[in-house]
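> pasting a predicted model and its sequence here:
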Amino acid sequence: MGLLSLVLFTFASCKKDPDQPKTSAKEDMLINTSWKLNRVTDVDGKVIDRSRLGVFTDAIYAMSIQFQTNNRVRALNESGQVLNGGTWYLNADETVVDIDVSGFAGAFKLVTLSSNSLTLQQANVQVDGKAQAANLEFIPGK
């Protein structure tokens with residue numbers, strides 16, 4: 001009886017690791033790629049020259065953006081040094097990415113997302129000193 005109790009106690013004491021939350025296909029695409037700003041366009045797709053952009057938007061060109069599974073996001077320079085960090089969340093219907101990073105924060109409309117492309121629409125990009133809606137088009141970085 002003692003051996004049977006020991007065996008039952010051993011199996012009862014073993015707990016499964018808590019299940020990790022499942023990620024959606026869109027979350028997986030965000031997480032599994034390091035993103036580099038390729039260009040900024042107006043909402044009609046016309047490219048906005050970098051010289052017309054505000055300093056914060058222009059600075060994103062020098063960074064790689066990494067979305068992580070723990071809802072953390074990091075901005076790294078070309079040598080891999082972390083320059084900035086914060087949080088990100090994909091809303092329930094997966095149409096908006098809410099990013100909270102100093103200098104790059106807000107609710108961004110998710111325009112396109114594939115393994116080769118990420119387009120986020122920001123409502124208040126500084127262009128020629130005035131805020132306007134614009135698309136930030138990212139490609140996979142290093």
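Perfect, thanks for sending it. Numbering: from 1, shown residues only.
> which residues of this protein score low on pLDDT?
For the chain, residues meeting the criterion pLDDT under 70 lie at 1-21.
> can you map out the strands along it?
For the chain, applying DSSP state E gives strands covering 34-41, 64-67, 72-76, 82-90, 96-101, 104-114, 117-127, 130-140.
> quick check: buried residues in the first one?
Read it as strand 34-41. For strand 34-41, a neighbour-count test (16 or more other Cβ atoms under 10 Å) marks 35-38, 40-41 as buried. Heads up, the C-betas are built off the backbone N, CA and C, glycines and all.
> turn the strands of the chain into a markdown table, including distance to T57.
What follows is the strands of the chain, written out as a markdown table (distance: least, Cβ to Cβ, whole Å):
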| stretch | distance to T57 |
| --- | --- |
| strand 34-41 | 6 |
| strand 64-67 | 13 |
| strand 72-76 | 13 |
| strand 82-90 | 14 |
| strand 96-101 | 13 |
| strand 104-114 | 9 |
| strand 117-127 | 6 |
| strand 130-140 | 8 |
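> just those: most buried one?
Among those, strand 64-67 has the highest mean neighbour count (mean count of other Cβ atoms under 10 Å), at a mean of 21.
> that strand: partners in the sheet, and parallel or antiparallel?
According to DSSP bridges, strand 64-67 forms sheet pairs with strand 34-41 (antiparallel), strand 72-76 (antiparallel).
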